[in-house]
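# Whatever this is, show me its structure:
(one chain, ligands or ions: 1)
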Amino acid sequence: MHIYDIITKKKHGEELSDEEIVYFVREYTAGNIPDYQVSPLLMAICLCGCTDRETATLTQAICDSGDVVDLSELGDGTVDKHSTGGVGDKTTLIIAPVVASIGAKVAKMSGRGLGHTGGTVDKLESFPGYKTSLSPEEFIEQVKDIGIAVIGQSGNLAPADKKLYALRDVTATVDSIPLITSSIMGKKLAAGTKSIVLDVKYGSGSFMKTAEASTDLAKCMVEIGYKRGRRVSALITNMDVPLGHAVGNILEVKEALEVLSGGGPTDLKEVALSLASEMVRLSLGKEALEARRLCEDAISSGRAKAKLVEWISRQGGDASYAKDPSLFPKAPLVREVRAPRSGYITHMDTEAIGLASVALGAGRVTKDDVIDFTAGIYIGKKTGEYIEAGEVIATLYSSAEKRLDEGEAGYLSAITVGDEKPEELPLIHNVIGR
Ligand code: URA
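Got it, this is the predicted structure:
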């Protein structure tokens, strides 16, 4: 078998055999095929697409490229959630303790932020001492004991995806349904939970810009998981505006704690409760309305917040910060961003807002960049709101004036102000399940 022939076949829109797909994933992961040959193959997949069979085989090959976690000793109630990535998306910090406090087993591997999107692992490291890596035995033991463990992706989980994703990131081949499906579902299948809830974002801060494209992606992922014996559903949620008001690690942790204490922004609360309810429905077999009631109750009773405290301290983190968020350090420099004119905010380029927060120090441009946990943005006004010229629309936090200059310019360029109130896009566009 030759990679040259495989590239040629896909370039002409022909279907690859299972053997060809398995060969290219295996040999690329082993370092036997160079990036310069896999790059055109990825581009051909982007342009010509894949059949359902090809996507399923690619997903399986990515899953099988490394360790496959066996969670069978935790029973049937194991559940995971995965977001396709967004700005201000701190839902895992809310959902995981809500769902665990109801009795589901949250065995979760999360990612770090890269590019304009944030990552749960970085947010968790805002708690001093939090261990993002546990041995497989410790991980399973913790879920058994307290119903929840959240760690970074283990070293040898879906190594094919690590290489492929890094290559896609620099070859403009991320936004392809078969490639995103195989990347996400390859990892999720290897991570071993019985139920999987997907948060598939749409809009300016998402890889998928329209709700229709996100729905197609969600259907593809749900079908693949279902065929592999998992209970899967997907919510198509709005990422045309950042979720909540806070963007940046400590700011987001504080906002998540507000929701767990019964407050917080309405949009964040709604997306978090909808995802959590779906996780409870799938993993514990509850009716949708009952699942929702249980989740609301977990917050109002304080049980979810208590579960978060238990989880953070069990994983080595200082949970006093969760009890008293004013203990978190604050950024040394603060700057207010003022409205350039009066009118309605008609659009927010959410990807650009994510990049503005990276410029402030909250994220990474390359994998090895060091994050400033205190940096970020508090968004005062969002799409659809009326603003007066000169009014404060956002507050920026950073540790250097130069970063504030860059962040402010980026933030202002992301906001469009007009005279007409824009049409409101739904927070949850659709739910796809089987
Ligand atoms: N997140 C992933 O893990 N993979 C993708 O391809 C896109 C988003």
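
# Next, the contact list for the residue lying closest to residue 112 once chain neighbours are set aside, please.
Taking CB to CB, 6 or more residues apart in numbering, and ignoring the residues beside it in sequence, residue 112 has residue 119 as its nearest neighbour in space, at 4.0 Å. The way it works is simple: take the backbone N, C-alpha and C, and place the C-beta from them, glycine included. Counting by CB atoms under 8 Å, 6 or more residues apart in numbering, residue 119 makes contact with 110-113.

# Most neighbours out of those residues, which is it?
For the contacts of residue 119, the largest neighbour count, defined by other CB atoms under 10 Å, is 24 neighbours, found at residue 113.

# Show me the domain layout of this protein.
As assigned by automatic domain parsing, the chain contains the domains 3-49, 72-324, 330-418.

# out of those, deepest packed?
domain 72-324 (a mean of 21; mean count of other CB atoms under 10 Å).

# what bits of the stretch 1-150 of the chain have low per-residue confidence?
Applying pLDDT under 70 to the stretch 1-150 of the chain flags the ranges 114.

# The chain: strands as residue ranges?
Taking DSSP state E, the strands of the chain run over residues 78-83, 105-110, 148-152, 195-202, 231-238, 246-247, 333-338, 343-348, 376-379, 386-387, 392-398, 415-418, 428-433.

# partners of the fourth one in the sheet?
When sheet partners are counted by DSSP bridges, strand 195-202 sits next to strand 78-83 (parallel), strand 231-238 (parallel).

# hmm, that strand touching the ligand?
No - residues of strand 195-202 contacting the ligand under CB under 6 Å from any ligand atom: none, with a closest distance of 9.5 Å.

# tilt between that strand and strand 428-433?
150 degrees (axes from the mean of the first three to the mean of the last three CA atoms, to 10 degrees).

# Centre of the chain to strand 195-202, how far?
Averaging C-alpha positions (CA atoms, centre = their mean, to the nearest Å) puts strand 195-202 9 Å from its chain's average.

# any chance you could map the helices in the stretch 151-300 of the chain?
Secondary structure of the stretch 151-300 of the chain by DSSP state H, counting those that start in this stretch: the helices cover 159-170, 177-191, 211-227, 249-260, 266-284, 288-300.

# Which among the ones you listed is found nearest to the ligand?
Closest approach to the ligand among the helices of the stretch 151-300 of the chain (CB to the nearest ligand atom): helix 177-191, 3.5 Å.

# The stretch 1-150 of the chain against the ligand: which residues are in contact?
Looking at the ligand, the residues of the stretch 1-150 of the chain close enough under CB under 6 Å from any ligand atom are 84-85.

# so what's residue 356 closest to, chain neighbours aside?
residue 410 (3.4 Å).

# Residue 401 too?
Residue 401 sits nearest to residue 333 (CB to CB, 6+ apart), 6.7 Å away.

# isn't the one you found right next to residue 407, touching?
No - the criterion here is CB atoms under 8 Å, and residue 333 misses it with residue 407 at 10.3 Å.

# wait, residue 309 sits on residue 321?
No - under the criterion of CB under 8 Å, residue 309 makes no contact with residue 321, lying 9.9 Å away.

# Taking the stretch 201-350 of the chain, what residue is nearest to the ligand?
For the stretch 201-350 of the chain, CB to the nearest ligand atom, closest residue to the ligand: residue 207, 5.9 Å.

# For that residue, which non-adjacent residue is spatially closest?
Looking at residue 207 with CB to CB, 6+ apart, the closest residue is residue 175, at 5.0 Å.

# And residue 381, by the same measure?
residue 393 (4.4 Å).

# Residue 148 and the ligand: what is the separation?
21 Å (CB to the nearest ligand atom, to the nearest Å).

# List the contacts of the nearest residue to that residue once chain neighbours are set aside.
The shortest distance from residue 148 to any non-neighbouring residue, by CB to CB, 6+ apart, is to residue 100 (3.8 Å). The neighbours of residue 100, taking CB under 8 Å, 6+ apart as the test, are 106, 146-148, 307, 311.

# Residue 116 is in contact with residue 358, correct?
Yes - assessed by CB under 8 Å, residue 358 is found in contact with residue 116 at 6.6 Å.

# Please list all residues in contact with residue 239.
Going by CB under 8 Å, 6+ apart, the list of residues near residue 239 reads 86-87, 89, 201-206, 350.

# ugh, wrong one, I meant residue 12
No contacts exist for residue 12 under CB under 8 Å, 6+ apart.

# Also residue 95?
Counted by CB under 8 Å, 6+ apart, residue 95 has contacts 81, 272, 275-276, 279.

# how close does the residue lying closest to it once chain neighbours are set aside get to residue 184?
Distance criterion CB to CB, 6+ apart; nearest residue to residue 95, sequence neighbours excluded, is residue 276 at 4.5 Å. As for residue 276, its distance to residue 184 is 20 Å (criterion: CB to CB, to the nearest Å).

# Tell me the span between the first and last residue of stretch 53-72.
27 Å (CA to CA, to the nearest Å).

# Same question for stretch 110-120.
OK, stretch 110-120 end separation, CA to CA: 6 Å.

# circling back to that earlier point, my guess is the residue nearest to residue 207 contacts residue 208. True?
Yes - Residue 175 lies in contact with residue 208 (CB under 8 Å); the separation is 7.0 Å.

# Setting aside sequence neighbours, what's the nearest residue to residue 306?
Residue 306 sits nearest to residue 101 (CB to CB, 6+ apart), 7.4 Å away.

# That's all I had, so thanks and see you.
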